[in-house]
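Asker: Predicted coordinates and the sequence they were generated for:
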2 protein chains.
Amino acid sequence: EILAAIEARFEEHPQLLKGRRVLVTSGPTVEPIDPVRYIANRSSGKQGHAIAAAAAAAGAEVILVSGPVQVPDPRGVTVIHVERARDMLAAVEEHLPTDVAVFAAAVADWRVAGEAEQKIKKGPSGTPGLSLVENPDILATISRHKMLRPRLVVGFAAETENVVPNAKDKRIRKGCDWIVANDVSPATGIMGGDANTVHLVSAEGVEDWPSASKAEVARRLVARIAGALA
Amino acid sequence: EILAAIEARFEEHPQLLKGRRVLVTSGPTVEPIDPVRYIANRSSGKQGHAIAAAAAAAGAEVILVSGPVQVPDPRGVTVIHVERARDMLAAVEEHLPTDVAVFAAAVADWRVAGEAEQKIKKGPSGTPGLSLVENPDILATISRHKMLRPRLVVGFAAETENVVPNAKDKRIRKGCDWIVANDVSPATGIMGGDANTVHLVSAEGVEDWPSASKAEVARRLVARIAGALA
């Protein structure tokens, strides 16, 4: 219903992003352990898909790079479906240059070293240890891209504690322009839910946005993006 | 459409399992690493849900214990939704005794030792090692249950190599009556797909069933179960 709400208002949207090219990532990444097992992040894709839909409604040409989610592809958006963080980064790089990039996906920080080609059998040798290696950092990579950095790079920070301080650190560390931060502790109901409570962290400071539907947060973010590009 | 196919034929099914109580598990289990990350198995739940639906269509009282899946709850079935293997075992034990138990779920063999209460931060200390501990073995536990072992216990073996030999070993090792074995290598398209090619391994030997829809495999298995109980 989030996408429907945005699409229903398609015609009444001012074309704030007309002529702009916007890349959005959404959903989780899935990192295989073997052909049947994997590590992933919980991410419904609702917020990222809502942002892509809102940008399209505002007249932008939108590329959405999404991990596996249950929400449908938004109307009027070019959608690239990926699984692994490495595939997500490759898809993102392939679609630069853009004016804006919004990295809303919950990318797995780590993947398993040495993905097994066959199913790992439970044997008498006991439990396997999973050794992890760091995944590429998509937000940092694009924020520091020498040739093709988008004018505006927006990251997300899903935290369960110290939300705003962590988001401020993250903005500096990654080299992006804005961080949209939220508290995804299970008690908030934000993860997988239809509402969101976010803080917009920029060089100018921190804005605490009121709780709203993910569709409304998306529209508001798109309006702010249009303002920043103007 | 698998469930719809079974439900459409609801009335024409002979009541082969009338008066019987059947427990089915389906889907993956999800083992949390921290509030946002988890380990899971790929499992659509299509085959397990089809078996539950077929057993209900054959007149059985059916309890379906399912991990997170996208397929809808089958009609006329009591569905218990769980995430972790430990929760799945607890739900199964709570619903014994039954005449039959069919363990079609893809239960994670391992979970992460010491689930973190807060999101694990990516720090300068490098990548965390995940140490794994063995999950309870639901199939073996119920197959060897002293008081409440169902008359017929059916396990599943999703393999990517040596399908039938692995399934034969598994049947003996777990103490169950039958193993439904299939090859879930990505190239087969079985994982997540609507068709299945299975081998039924019992004390009498191995039957190679022809490729069929998961609904048809479910009907055939239910007919065989009814025969074994008669």
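Answerer: Arrived safely, thanks for sending.
Asker: tell me the centre residue of chain A?
Answerer: Central residue of chain A (Cα atoms, centre = their mean): residue A:104, 1.5 Å from the mean position.
Asker: my guess is that residue meets residue A:157, correct?
Answerer: No: counting by Cβ atoms under 8 Å, residue A:104 stays clear of residue A:157, with 10.7 Å between them. Quick note: C-beta positions are derived from backbone N, CA and C, even for glycine.
Asker: if we look at the lengthiest helix in chain A, which residues are touching it?
Answerer: Looking across chain A with DSSP state H, the single longest helix is helix A:214-229. Identification of contacts with helix A:214-229 by Cβ atoms under 8 Å, 6 or more residues apart in numbering or on different chains yields A:2-3, A:5-6, A:16-17, A:20, A:22, A:46-47, A:50-51, A:53-55, A:57-58, A:99-100, A:102, A:151-152, A:154, A:177, A:180, A:194-196, A:198, A:200, A:209, A:212.
Asker: If you compare the directions of the longest strand along chain A and helix A:214-229, what angle comes out?
Answerer: Of all the segments of type strand in chain A, defined by DSSP state E, the longest one is strand A:152-159. For strand A:152-159 against helix A:214-229, the angle by axes from the mean of the first three to the mean of the last three Cα atoms, to 10 degrees is 140 degrees.
Asker: circling back to that earlier point, now do the shared contacts for residue A:104 and residue A:157.
Answerer: With Cβ under 8 Å, 6+ apart as the test, residue A:104 and residue A:157 both reach residue A:180.
Asker: show me where chain A has helices.
Answerer: Going by DSSP H, chain A shows helices at A:2-8, A:46-57, A:85-94, A:138-143, A:163-174, A:214-229.
Asker: Ok, which of those helices comes nearest residue B:94?
Answerer: helix A:46-57 (33.1 Å; Cβ to Cβ).
Asker: Please write out the alpha-carbon positions of that closest one in PDB.
Answerer: C-alpha atoms of helix A:46-57 as PDB (Å, rounded to 0.1, in the frame of the first residue of the first chain):
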ATOM      1  CA  LYS A  46       9.800  -0.800   1.800                       C
ATOM      2  CA  GLN A  47      11.600   2.500   2.500                       C
ATOM      3  CA  GLY A  48      14.100   2.200  -0.400                       C
ATOM      4  CA  HIS A  49      11.300   1.200  -2.900                       C
ATOM      5  CA  ALA A  50       9.200   4.100  -1.600                       C
ATOM      6  CA  ILE A  51      12.100   6.500  -2.300                       C
ATOM      7  CA  ALA A  52      12.500   5.200  -5.800                       C
ATOM      8  CA  ALA A  53       8.800   5.500  -6.400                       C
ATOM      9  CA  ALA A  54       8.700   9.000  -5.000                       C
ATOM     10  CA  ALA A  55      11.600  10.100  -7.100                       C
ATOM     11  CA  ALA A  56      10.000   8.700 -10.200                       C
ATOM     12  CA  ALA A  57       6.700  10.500  -9.300                       C
END
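Asker: Which secondary structure elements does the longest strand of chain A sit against?
Answerer: The contact analysis (3 or more Cβ pairs under 8 Å, 6 or more residues apart in numbering or on different chains; DSSP states H and E) places strand A:152-159 against strand A:100-103, helix A:138-143, helix A:163-174, strand A:178-183, helix A:214-229.
Asker: try it again with 10 Å
Answerer: When contacts are defined as 3 or more Cβ pairs under 10 Å, 6 or more residues apart in numbering or on different chains; DSSP states H and E, strand A:152-159 sits against strand A:21-26, helix A:46-57, strand A:100-103, helix A:138-143, helix A:163-174, strand A:178-183, strand A:198-202, helix A:214-229.
Asker: In CSV: these, plus mean neighbour count.
Answerer: What follows is the helices and strands packed on strand A:152-159, written out as CSV (neighbours: other Cβ atoms under 10 Å in any protein chain shown):
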stretch, mean neighbour count
strand A:21-26, 28
helix A:46-57, 30
strand A:100-103, 28
helix A:138-143, 22
helix A:163-174, 18
strand A:178-183, 23
strand A:198-202, 22
helix A:214-229, 21
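Asker: With mean pLDDT and distance to residue A:91 as added columns, please give these in TSV.
Answerer: Formatted as TSV, the helices and strands packed on strand A:152-159 follow (pLDDT from 0 to 100; distance: least, Cβ to Cβ, whole Å):
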stretch	mean pLDDT	distance to residue A:91
strand A:21-26	98	9
helix A:46-57	97	14
strand A:100-103	98	12
helix A:138-143	97	10
helix A:163-174	95	19
strand A:178-183	94	21
strand A:198-202	96	25
helix A:214-229	96	21
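Asker: who touches the nearest residue to residue A:44 once chain neighbours are set aside in this structure?
Answerer: In space, and not counting its chain neighbours, residue A:44 is closest to residue A:192: 4.6 Å by Cβ to Cβ, 6 or more residues apart in numbering or on different chains. If a contact means Cβ atoms under 10 Å, 6 or more residues apart in numbering or on different chains, then residue A:192 has A:42, A:43, A:44, A:45, A:46, A:70, A:184, A:186 as its contacts.
Asker: Between those residues, identify the one with the most neighbours.
Answerer: residue A:46 (28 neighbours; other Cβ atoms under 10 Å in any protein chain shown).
Asker: In this structure residue A:71 contacts residue A:77, no?
Answerer: No: using Cβ atoms under 10 Å as the test, residue A:71 is too far from residue A:77 to be in contact (11.9 Å).
Asker: the more surrounded of those two?
Answerer: More crowded of residue A:71 and residue A:77, by other Cβ under 10 Å: residue A:77, with 21 against 18.
Asker: before we move on, back to that, state the phi and psi torsions of the residue nearest to the centre of chain A.
Answerer: The phi/psi pair for residue A:104 (degrees, to the nearest 10) reads phi -100, psi -10.
Asker: Identify the residues contacting the spatially closest residue to it that is not a sequence neighbour.
Answerer: Leaving aside its chain neighbours, residue A:104 sits nearest to residue A:48 (3.4 Å; criterion: Cβ to Cβ, 6+ apart). Shown in contact with residue A:48 (Cβ under 10 Å, 6+ apart): A:24-27, A:64-67, A:69, A:71, A:74, A:102-106, A:156, A:214, A:218.
Asker: what do you get for residue A:88?
Answerer: Residue A:88 neighbours (Cβ under 10 Å, 6+ apart): A:25-27, A:29, A:65-67, A:80, A:82, A:103, A:105, A:107-108, A:135-136, A:138.
Asker: Quick check: nearest residue in space to residue A:18, chain neighbours excluded?
Answerer: residue A:59 (3.5 Å).
Asker: Surely the one you found and residue A:21 touch.
Answerer: No: using Cβ under 10 Å, residue A:59 is not in contact with residue A:21, being 11.1 Å away.
Asker: about what we covered before: overlap of the contact sets of residue A:71 and residue A:77?
Answerer: With Cβ under 10 Å, 6+ apart as the test, residue A:71 and residue A:77 both reach A:3, A:49, A:53.
Asker: Not counting sequence-adjacent ones, nearest residue to the last one?
Answerer: Of all residues beyond its chain neighbours, the one nearest residue A:53 is residue A:74 (3.9 Å), with distances taken as Cβ to Cβ, 6+ apart.
Asker: How about residue A:168?
Answerer: residue A:201 (5.7 Å).
Asker: The one you found and residue A:174 touch, don't they?
Answerer: No: look at residue A:201 against residue A:174 with Cβ under 10 Å: they stay out of range, at 11.4 Å.
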